[in-house]
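> fold the stuff below for me.
(chains A and B)
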Amino acid sequence: MVNFILDLLLKQILGTPFILIAIIVFVGYAAMKQPFGKSLTGAIKAAIGMLVLGVGSSQLIANFGALLTALTKQFGVKGVLMDTYSTMVACNQSLGDYASWSIYTLLVAFLVNILLVAFRKYTKIRSVFLTGNVMVVQAAIATYIVYRFLHTPSLSTIFIAGVITALYWGIMSTLLIKPTHEITGADFTIGHQQMLGSLLAYKIAGKVGNPKDDIERKKLPGFLSIFQDNIVASAMVFLISVTVIFIAMGGKTVTAMAGTTNIVIYTIKTALTLAANIYILLAGVRMLVGELMISFKGFSEKLLPGAVVAVDCAATYGFAPKSVILGFLFGAFGQIAGVLALLAFHSPFLVIVGFIPMFFDNATIGIFANKKGGWKAAAGITFCSGIIQVVGTALAASMMGLSFWQGSFDWATIWVAIIAALKGIGALLGIPVV
Amino acid sequence: MLNLLCVCGNGMGTSTLLKITVREVCEELKIDADVDSCSAGEAPSYMMQTDMILTAPEWAEMLTTPPNVVMCTSTNLIDKKIIREMLEKTVKEHFPDELG
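Predicted structure coming up:
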């Protein structure tokens, strides 16, 4: 009987992600003294968001898996999709029965972040991370990194992953307070996944470039704005990648895969299906995160009035719309150069670029670079950052044993170092990799 | 009652935060509003049931709005004070009956 109750409570209720997230949202609303009806609505929406996310991700993994199998069979290389949210899903899937740990890591990281800011006199950390969509992703990946290499039990895994994540959030977003203020004139900072990249761009651009070349004062061709439509752009990026892969595989193989479907139609269908799967995944994340962010924002305002909020990188885009396009374009060129470099050096991993790390990372880095060094510096810096993203993704995927990696700048640099460090510690202690 | 739509690039971070802020502002100004958020790419499918779109000028440029939709833009989508001023002014101008 006791076992039954313990199992129900610990494993079935507090260990099932969609129920756990509903409870957290409900408690969050209630703590902010919201009426019962509103709290319940929020909780149900968060739970459904979690389940929608699952639908999108299982389809994505199945469809993408078919493409990966074909790649490996023909060329002997392992394909890695560089995409943010599917990496979160892949990590949670690899955690298996322990997927709920990711959510606890998220809570611990948020609380530690708040503590670090509360003691800002000593820690110098001044900003609270509120970008929920990024927080869920990073918490899940950090949890799996720690579990994979240290094989620690639940509490230790959650604690270690939570503290590392909170330090990364607090330190990097605090370092961006001043640069962000210079761009926006407003009092927020960026809490995202290319914070180191933006900071480096800001420092380097000032040395190599000329701020008088500010692209915001120049005219740009209008057609480029098509890339601002996330759904169309995501489909285009997949269409290009899939077409290149299919051409490399050759007509015979693709015809066999396509069955009775015309190969051109099959190519388009494969690419747009991947975009559609990601769209469903995003819809789930949005529903879930929308509810979580209300609680996070409420708590932070209550506990730390006046703290600097670290928000989505896109909050700066309105202040520098042309740098966004510039950074995206040259970042994309850099990523293509990176993929070609992997091929040239016969890397066992082939990175298939995805829209989110391609667009949002280099757009943000481009803004910081252009501000300090003008468009030439921004073009050069985002090109390099594109290459770094691809190479870092291949490195991370090889250590993590995943077919997905999130590939944003920080996750292709700082976090590759963190993975390597934890891997080293694990090996030193003789812990078998999960 | 007003139907407000907060729009950003990917419909994830900025528009969600904006939605939370707009809800707070509406409550303060006693405006009865239903506030939602999405990406610029999805926005056209919500236009029919939207009275006002809140977004940054770059995304506003991408959207062709039907005559029933009022576009309300600001480069700063985070600062509550700015949002409050913008929202109050636009509601006063286009939907004076909705102000509580």
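> for the helix or strand of chain B with the lowest mean pLDDT, packing partners?
Every helix and strand of chain B was ranked by mean pLDDT, DSSP states H and E. The lowest is helix B:57-62, at a mean of 87. In terms of contacts (3 or more Cβ pairs under 8 Å, 6 or more residues apart in numbering or on different chains; DSSP states H and E), helix B:57-62 is packed against helix A:321-344, strand B:70-73. C-beta coordinates here come from the backbone N, C-alpha and C atoms, glycine included.
> who does the last one pair up with?
What it means is strand B:70-73. According to DSSP bridges, strand B:70-73 has the following sheet partners: strand B:52-55 (parallel).
> next, name the residue at the spatial heart of chain A.
Centroid-nearest residue in chain A, with Cα atoms, centre = their mean: A:Thr84, separated by 3.6 Å.
> residues of chain A that sit close to chain B?
Within chain A, the positions lying close to chain B (Cβ under 8 Å from any Cβ of the partner chain) are A:130-134, A:184, A:186-188, A:192, A:225, A:228-232, A:282, A:285-286, A:289-290, A:293-294, A:297, A:309, A:311-315, A:317-319, A:321, A:324, A:356, A:359-360.
> would you mind checking these for buried ones?
Neighbour-count burial (16 or more other Cβ atoms under 10 Å in any protein chain shown) applied to the residues of chain A next to chain B gives A:130-134, A:184, A:186, A:188, A:192, A:225, A:228-231, A:282, A:285-286, A:289-290, A:293-294, A:297, A:309, A:311-315, A:317-319, A:321, A:324, A:356, A:359-360.
> what is the neighbour count of the residue of chain B found nearest chain A?
Residue nearest to chain A within chain B (Cβ to the nearest Cβ): B:Gly13, separated by 2.6 Å. Using other Cβ atoms under 10 Å in any protein chain shown, B:Gly13 is surrounded by 27 other residues.
> check A:Asn210 too.
Other residues within reach of A:Asn210, judged by other Cβ under 10 Å, total 14.
> for it, which non-adjacent residue is closest in space?
The shortest distance from A:Asn210 to any non-neighbouring residue, by Cβ to Cβ, 6 or more residues apart in numbering or on different chains, is to A:Gly374 (4.9 Å).
> against A:Ile325, how distant is the one you found?
15 Å (Cβ to Cβ, to the nearest Å).
> show me the beta-bridge partners of the residue nearest the centre of chain B.
Centroid check for chain B by Cα atoms, centre = their mean gives B:Leu54 as the closest residue, at 2.7 Å. Beta-bridge partners recorded for B:Leu54 (DSSP bridges): B:Cys6, B:Cys72.
> how near is it to B:Cys8?
Distance, B:Leu54 to B:Cys8, using Cβ to Cβ: 10 Å.
> between those two, which contacts overlap?
Shared contacts of B:Leu54 and B:Cys8, defined by Cβ atoms under 8 Å, 6 or more residues apart in numbering or on different chains, comprise B:18, B:77.
> wait, A:Thr84 touches A:Phe355, no?
No - with contact defined as Cβ atoms under 8 Å, A:Thr84 does not count as touching A:Phe355 (9.5 Å).
> hang on, the earlier thing: only alpha carbons, please: show the least confident helix or strand of chain B as CSV.
Taking Å, rounded to 0.1, in the frame of the first residue of the first chain, the C-alpha atoms of helix B:57-62 are listed here in CSV:
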residue,chain,number,x,y,z
PRO,B,57,7.8,48.0,-37.1
GLU,B,58,9.9,45.4,-39.0
TRP,B,59,7.3,42.7,-38.5
ALA,B,60,4.4,45.1,-39.1
GLU,B,61,6.0,45.8,-42.5
MET,B,62,5.6,42.1,-43.5
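> what score does A:Ile160 have for pLDDT?
At A:Ile160, the model reports a pLDDT of 98.
> before we move on, what about A:Gly338?
For A:Gly338, the model assigns a pLDDT of 96.
> looking at it, it is touching A:Cys384, isn't it?
No - the criterion here is Cβ under 8 Å, and A:Gly338 misses it with A:Cys384 at 9.8 Å.
> out of the two, which sits in the busier spot?
The neighbour count for A:Gly338 versus A:Cys384, taken as other Cβ under 10 Å, is higher for A:Gly338 (26 against 20).
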